[in-house]
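> Pasting a predicted model and its sequence here:
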Protein chains: 2
Amino acid sequence: MHDIRLVEVGPRDGLQNEKTLVPLATKVELVNRLSATGLSVVEAGAFVSPKWVPQMADSAEVMQAIARKPGITYPVLVPNEKGLEAALAVGVTEVAVFGAASEAFSQKNINCSIAESLDRFRAVIDRARLSGVKVRGYVSCVLGCPYEGAVDPGKVAEVAARLMAMGCYEVSLGDTIGVGNPRAARAMLKRVAEDVPMGRIALHFHDTYGQALANILACIELGARVFDGAVAGLGGCPYAKGASGNVATEDVLYMLNGMGLSTGVDLDALAAIGTWISGELNRPNGSKVGRALSAKG
Amino acid sequence: MHDIRLVEVGPRDGLQNEKTLVPLATKVELVNRLSATGLSVVEAGAFVSPKWVPQMADSAEVMQAIARKPGITYPVLVPNEKGLEAALAVGVTEVAVFGAASEAFSQKNINCSIAESLDRFRAVIDRARLSGVKVRGYVSCVLGCPYEGAVDPGKVAEVAARLMAMGCYEVSLGDTIGVGNPRAARAMLKRVAEDVPMGRIALHFHDTYGQALANILACIELGARVFDGAVAGLGGCPYAKGASGNVATEDVLYMLNGMGLSTGVDLDALAAIGTWISGELNRPNGSKVGRALSAKG
């Protein structure tokens, strides 16, 4: 049992938001390499409409081609029962549903109200659990919404608690647009923890404004123990206009290592993967740790 | 009186470490523009050997050309009495001396032992104060040394206390190679604060491994109230090999604003300067906040 569990979302939340369409073989190699770093969770794809998310159109092929290692979970996102059936058909053992804490974002992102999305998830979660498949719940826009601005922590808590009540084993609270700060993150987490046990809460920070590590530190101090990250900060080129992306898992891990918090993950191995995938995508490495270690040779 | 004082070191610690030699007019414009953001301290140059630091060869010209605003201090670095005399000749009101907490770094960086550097600083500080000029003390390598590795917080405290005893009004503790983490930063600051009042301690973080904001948060929680930063993360291109550089002042300010900690500094104005100077230097903007705000519009 480690102090902190890192959930690697690079192959899904990362690649899904990259401009480049990544070849199947590269996706498979990415997941396989990540499986050798000590990570216990590698989010591997999404069974969503290829019309909306072309980057994830080959998730079934990815799931069939990867070498699944014992002790590692490879969750995939499913928006509805159709997606779940496709995921079950390739033998997934964990899926994730994704809701929002902002009505406007829910409408724009998944074309329905928060209430409608939760109704839809109920059937997905029931069916998944009947098949022995674990379900993780995402809540997006927990610290701000691109359309509504401020988001009420009470709303985050409500959506998170509903997802847990429907059978999710964990909720991942996402600062989708990266506008959070340690004070806001703390206030939000405290509020959610009134309704969901701290041990069931994951935090998912984007580093758009460079605040992710400070936010993670603030959440650790409150007792949070699960954090999402994407190797090389995949998902939104960090230097392009409109930059936005997941916090780099390497940067989180460097901080945790320095603080003496164990994760079981090998930093050098992870950083090497970040260097490699950045080269494959022909993008700068979005991890400062990755760049610094790579420069040292 | 604001909650936090930001010390802008971009024109000195930033430009000094950029590969590009910046024209005098650009330096002057940078300092002048920074003077209009609400910053109370803008480090403007260094009176060091142009053989060692060609980027700072025109610091006297910079000091003579800038429009000094009342209420703003424009400190310059001086390594010795010769540098101090040159600085006094152009009417500086504050200088800084720079020591190290690592013997090996002291030898490599300023060619003498820590003890010898402190002896040298004594004469500089005495002469400066006799002229009514305030002196700030830098201590480098407070969380690690490129040659020695780990650095004893007791050694940092010793050097910092010596600088204060000799007449510095503040010591700035620098994580020169950016290897710190919140736990190490906290332990170091706690140790120094045993010998130097917290109100006299500034922290100077480099963001080489992306840890600067988390470290600043940790230090704020201990009561630190003064932080150095460089607009656009000047000093070491963030995307090049060997990346290393000051934390971007904009990124620090975004966090402080979000936490409700006042600084008196205008984020939008600062970010606009970061965008401008990055263009002048033909480098990517090293501030994530700067990139995000610039992308928005």
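Received it, and whenever you're ready, just let me know what you need. This one's a predicted model, so the numbers in the text were calculated from it and none came from an experiment.

> Kindly list the longest helix within chain A.
In chain A, assigned by DSSP state H, the helix with the most residues is helix A:114-130.

> For the most centrally placed residue in chain A, give me phi and psi.
In chain A, the residue lying closest to the centroid (Cα atoms, centre = their mean) is A:Val9, at 4.4 Å. Here is the backbone geometry of A:Val9 (degrees, to the nearest 10): phi -110, psi 10.

> Now it. Nearest residue, chain neighbours left out?
A:Glu43 (4.5 Å; Cβ to Cβ, 6 or more residues apart in numbering or on different chains). All C-beta atoms are positioned from the backbone trio N, CA, C, and that covers glycine.

> Correct me if wrong: that neighbour contacts A:Phe98.
No. With contact taken as Cβ atoms under 8 Å, A:Glu43 and A:Phe98 are classed as non-touching, separated by 11.4 Å.

> quick one: the nearest residue to A:Ser59 once chain neighbours are set aside from A:Tyr169, how far?
Excluding its sequence neighbours, the residue lying closest to A:Ser59 (Cβ to Cβ, 6+ apart) is A:Gly45, at 2.9 Å. Distance from A:Gly45 to A:Tyr169, counting by Cβ to Cβ, to the nearest Å: 20 Å.

> returning to that earlier point: could you name every residue contacting both of A:Glu43 and A:Phe98?
Common contact partners of A:Glu43 and A:Phe98 (Cβ atoms under 8 Å, 6 or more residues apart in numbering or on different chains): A:Leu77.

> Strands of chain A, start to end?
For chain A, strands defined by DSSP state E occupy the ranges A:5-8, A:41-42, A:45-46, A:76-77, A:94-100, A:134-140, A:170-175, A:201-205, A:226-229.

> Could you check the angle the fifth one makes with strand A:134-140?
Counting by axes from the mean of the first three to the mean of the last three Cα atoms, to 10 degrees, strand A:94-100 lies at 20 degrees to strand A:134-140.

> contact partners of strand A:94-100?
A:43, A:73-79, A:84, A:87, A:106, A:109-110, A:114, A:117-118, A:121, A:124-125, A:128, A:133-141, A:145, A:159, A:163, A:168, A:172.

> who in the stretch 151-297 of chain A is up against chain B?
For the stretch 151-297 of chain A, the residues in contact with chain B (Cβ under 8 Å from any Cβ of the partner chain) are A:178, A:180-184, A:207-211, A:213-214, A:216-218, A:238-244, A:248, A:251, A:254-255, A:257-260, A:284, A:287-289, A:291-292, A:294-295.

> Now, of these, which are buried?
With burial judged by 16 or more other Cβ atoms under 10 Å in any protein chain shown, the buried subset of these is A:178, A:180-184, A:207-211, A:213-214, A:216-218, A:238, A:243-244, A:248, A:251, A:254-255, A:258-259, A:284, A:287-289, A:291-292, A:294.

> one step back: sort out which residues of the longest helix of chain A are buried, please.
Under 16+ other Cβ under 10 Å, the buried positions of helix A:114-130 are A:114, A:117-118, A:120-122, A:124-125, A:127-128.

> what are the C-alpha coordinates of it, in CSV please?
The C-alpha coordinates for helix A:114-130 follow below in CSV (Å, rounded to 0.1, in the frame of the first residue of the first chain):
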residue,chain,number,x,y,z
ILE,A,114,-26.5,17.2,-15.3
ALA,A,115,-29.7,15.4,-14.1
GLU,A,116,-30.1,13.7,-17.5
SER,A,117,-26.5,12.6,-17.5
LEU,A,118,-26.8,11.1,-14.0
ASP,A,119,-30.0,9.2,-15.1
ARG,A,120,-28.1,7.9,-18.1
PHE,A,121,-25.1,6.9,-15.9
ARG,A,122,-27.4,5.0,-13.6
ALA,A,123,-28.1,2.4,-16.2
VAL,A,124,-24.5,2.3,-17.3
ILE,A,125,-23.3,1.8,-13.7
ASP,A,126,-25.9,-0.9,-12.9
ARG,A,127,-25.0,-2.8,-16.1
ALA,A,128,-21.3,-2.5,-15.5
ARG,A,129,-21.4,-3.7,-11.9
LEU,A,130,-23.7,-6.6,-12.9
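
> From A:Gly14, how far out is the residue nearest to A:Ser59?
Distance of A:Gly45 to A:Gly14, given as Cβ to Cβ: 11 Å.

> Same question for A:Asn32.
16 Å.

> Between the two, which is the more surrounded one?
A:Gly14 (29 against 15; other Cβ atoms under 10 Å in any protein chain shown).
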